[in-house]
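[1] Sequence plus the predicted model coming up.
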Amino acid sequence: MLRILFLLILALSLHPLFAQSPIQKKIDALATHPNLVHGQLSVALIDVASDQLIAGHRADKTMIPASSLKVLVTGIALKKLGPDYRFKTELAYDGTITADGTLQGNLVIRGYGDPTLGSHHFAKAETYDVVLKKWTAAIRKAGIKKIEGYIIGDASYFSTQVDGRTWLWEDLGNYYGAGAWGLNFHENLYLLNLRQNGKLGATPPIGHVRPEVPNLRLINELKQAGKGSGDNAYIFGSNYGYTRFIRGTIPVGSGNFTIKGSVPDPPFFAAFHLMKNLEKEGITTRQQAASRYQLEQEGFPVGNVTVFDTYYSPTLREIVKETNLKSVNLYCEALLRLLGKIEKGDAQPALGLEVILEYLDNNGLPSAGLFLEDASGLSPRNAVSARHLTAYLAHLKKQDVVFSDFKASLPMGGKSGALKYLFRGTIAANKVFAKSGGMNRVRSYSGYVQNKAGKWMAFSVIANNFTGKSATMRKEMEKLMLAFCQ
């Protein structure tokens, strides 16, 4: 009888509920954290070699992932398009060029979705002034000295649905909510300079906008808050709309304070700046810039064109690295539309999302309960579980052709991106590679760890609707990722 009782106790002690691993205990501790009493947590840790779940908590619970979602489209784009893929942008004209160099027709900038064109943030891309200089040289080389028609920005390669249909109103007017057009320029953003003063509650005057955004009308309702209160300014406005409201606060001070807004119509923006540069360099124009969409709405369709110059972006491996290291929404959204265009023949975002879901299904990866609204994670209506992401990441680890480029794109513990200041001086330094995500009441990390035994594991940790500061949740997740490396 005693022997039977002993064996029963031993069996119970070996049951997962009674004999949890140290990692599972730490996950359970996070799940019962006071800041998550009213919130939700989804965690999964998978052995990449066996695809087995090592530990987790509500691994199939779908949650808002924020920017952790970027791992899906960046990895799938690398696989389907290849690391050496480059976007192109063409210069073309309709009409004829006369012997004296007069273009009797329109000059066209025809985009194919390059989100890096004229970026001043991305070191691998050329800045907008360099791009304009090269375009001007190409136009001169083509023998054009005078343009009688329009300078046209042509974004027709992508659709007019440039943003996410469920993106928040407070995001659209800001740089991170800039839509993805067929023709993007200067990352579709402008810098808005504000002049601080020392008066609480005062409205800081607007200094200047750069680069110039023609027709932009800014209504300044901004106030100054206490010193050190940070950037709490938001620009409200929609794509194609030029009236923007500036609301929220910036701190009091005595200098300049810069915020970033989204350009209402990047194809027109690009055409306008090329026109200005041509005039400055002695190539005369009618000083009429327009987008192709605008002209067609007014009943002036663009005819067949002759291409005379092609400009190429950095490689996809370089774009993906910039996307994940700096969490650039625009780049992700451009990749989503490009996948739809190439795989489905149309750049509607919904078709790009179909490509993602079909990829998961075709590779035997879980997709049930996965709800995607965009590729960047900006929509609060995205819903993904830790298991969705870890199963995909484990699969990607086995894709020898693209994994090294994908891994190089992820922030590294103690070294780069959002993980630069995490794990320093610990076993996890250089051993955690993860994409972070964050928005109001959302914090997530998804990626890989290599433990001290050399085993590779894929993980995802997603928390929603927690109370307290986001920094507190980040620190708790950092402790958990550190445990993964033991």
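    Arrived safely.
[2] Where does the prediction get shaky in the protein?
    The model of the chain has pLDDT under 70 over residues 1-19.
[3] So for it, the centremost residue is which one?
    In the chain, the C-alpha nearest the mean C-alpha coordinate belongs to Asn329, at 1.8 Å (Cα atoms, centre = their mean).
[4] can you count the residues close to Asn451?
    16 (other Cβ atoms under 10 Å). No exception for glycine: its C-beta is placed from N, CA and C like everyone else's.
[5] ugh, wrong one, Ser254
    Residues near Ser254, counting by other Cβ under 10 Å: 8.
[6] Is it in a helix, a strand, or coil?
    Under DSSP: H, G, I helix; E, B strand; the rest coil, the three-state class of Ser254 is coil.
[7] returning to that earlier point: please give me every residue in contact with the residue nearest to the centre of the chain.
    Ser67, Tyr176, Gly177, Ala178, Ser376, Gly377, Leu378 (Cβ atoms under 8 Å, 6 or more residues apart in numbering).
[8] closest to Thr136 among those?
    Ala178 (25.3 Å; Cβ to Cβ).
[9] Asn188 is in contact with that closest one, correct?
    Yes - with contacts counted by Cβ atoms under 8 Å, Ala178 reaches Asn188, the gap being 3.8 Å.
[10] what do those two both touch?
    With Cβ under 8 Å, 6+ apart, Ala178 and Asn188 have common neighbours Ser262, Val263, Pro266, Leu330.
[11] The second one contacts Leu191, doesn't it?
    No - assessed by Cβ under 8 Å, Val263 is found out of contact with Leu191, at 11.1 Å.
[12] Show me which of those two is the more surrounded one.
    More crowded of Val263 and Leu191, by other Cβ under 10 Å: Val263, with 25 against 15.
[13] measure that one to Ala483 for me?
    Remark: distance between Val263 and Ala483 (Cβ to Cβ, to the nearest Å) = 44 Å.
[14] ok, what's across the strand from Gly261?
    Here Gly261 shows beta-bridge partners Asn174, Tyr190, assigned using DSSP bridges.
[15] What of Arg110?
    Residues in beta-bridge contact with Arg110 (DSSP bridges): Glu90, Asp154.
[16] residue contacts, it?
    Thr89, Glu90, Leu91, Ala92, Asp154, Ser156, Tyr157, Leu183, Val305, Val307.
[17] Can you add distance to Gly228 and neighbour count and give these back as CSV?
    Converted to CSV, the contacts of Arg110 look like this (distance: Cβ to Cβ, whole Å; neighbours: other Cβ atoms under 10 Å):
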residue, distance to Gly228, neighbour count
Thr89, 43, 26
Glu90, 48, 16
Leu91, 48, 22
Ala92, 51, 19
Asp154, 46, 25
Ser156, 47, 18
Tyr157, 45, 19
Leu183, 40, 29
Val305, 54, 19
Val307, 53, 12
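[18] most surrounded residue in the shared contacts of Ala178 and Asn188?
    Pro266 (30 neighbours).
[19] any idea how far that residue is from Val73?
    Taking Cβ to Cβ, one finds Pro266 at 21 Å from Val73.
[20] swap in Gln20?
    Gln20 is 35 Å from Val73, by Cβ to Cβ.
[21] Look at the two and report which has more neighbours.
    Val73 (29 against 14).
[22] what's near enough to touch the more buried one?
    Cys332, Leu335, Leu336, Leu339, Gly352, Ile356, Ala375.
[23] Swap in 10 Å and give it another go.
    By Cβ atoms under 10 Å, 6 or more residues apart in numbering, Val73 lies in contact with 320, 323, 331-336, 338-339, 352-353, 355-356, 359, 372, 374-377.
[24] where does the closest residue to it other than its chain neighbours fall, helix, sheet strand or coil?
    Excluding its sequence neighbours, the residue lying closest to Val73 (Cβ to Cβ, 6 or more residues apart in numbering) is Ala375, at 3.9 Å. For Ala375, the secondary-structure state derived from three-state DSSP is coil.
[25] Next one: Ala375 from Gln161, what distance?
    From Ala375 to Gln161 the distance is 13 Å (Cβ to Cβ).
[26] Quick check: neighbours shared by these two?
    Ala180, Arg337, Pro349.
[27] residues contacting the second one?
    Going back to what we said before, that points to Arg337. Arg337 makes contacts with 113, 115, 157-159, 161-162, 179-182, 346-349, 351-352, 375, as judged by Cβ under 10 Å, 6+ apart.
[28] If any of those are buried, put those into a PyMOL selection.
    The buried residues among the contacts of Arg337 can be selected in PyMOL (16 or more other Cβ atoms under 10 Å) with this line:
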select buried, resi 113+115+157+158+159+162+179+180+181+182+347+348+349+351+352+375
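[29] Can you flag which of the contacts of Arg337 belong to helices?
    With helices taken from DSSP state H, the overlap with those comprises Pro349, Leu351, Gly352.
[30] Next up, the contacts around the last one.
    Pointing back at Gly352 there. Counted by Cβ under 10 Å, 6+ apart, Gly352 has contacts 73, 76-77, 333-344, 346, 372, 374-375.
[31] 8 Å instead?
    By Cβ under 8 Å, 6+ apart, the neighbours of Gly352 are Val73, Leu335, Leu336, Arg337, Leu338, Leu339, Gly340, Lys344, Ala375.
[32] What of the second one?
    Remark: with contacts taken as Cβ under 8 Å, 6+ apart, Leu351 is in contact with Gly340, Glu343, Lys344.
[33] Save the shared contacts of Ala375 and Gln161 as JSON lines, and put in distance to Phe403 too.
    Below are the shared contacts of Ala375 and Gln161 laid out as JSON lines (distance: Cβ to Cβ, whole Å):
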{"residue": "Ala180", "distance to Phe403": "26"}
{"residue": "Arg337", "distance to Phe403": "25"}
{"residue": "Pro349", "distance to Phe403": "27"}
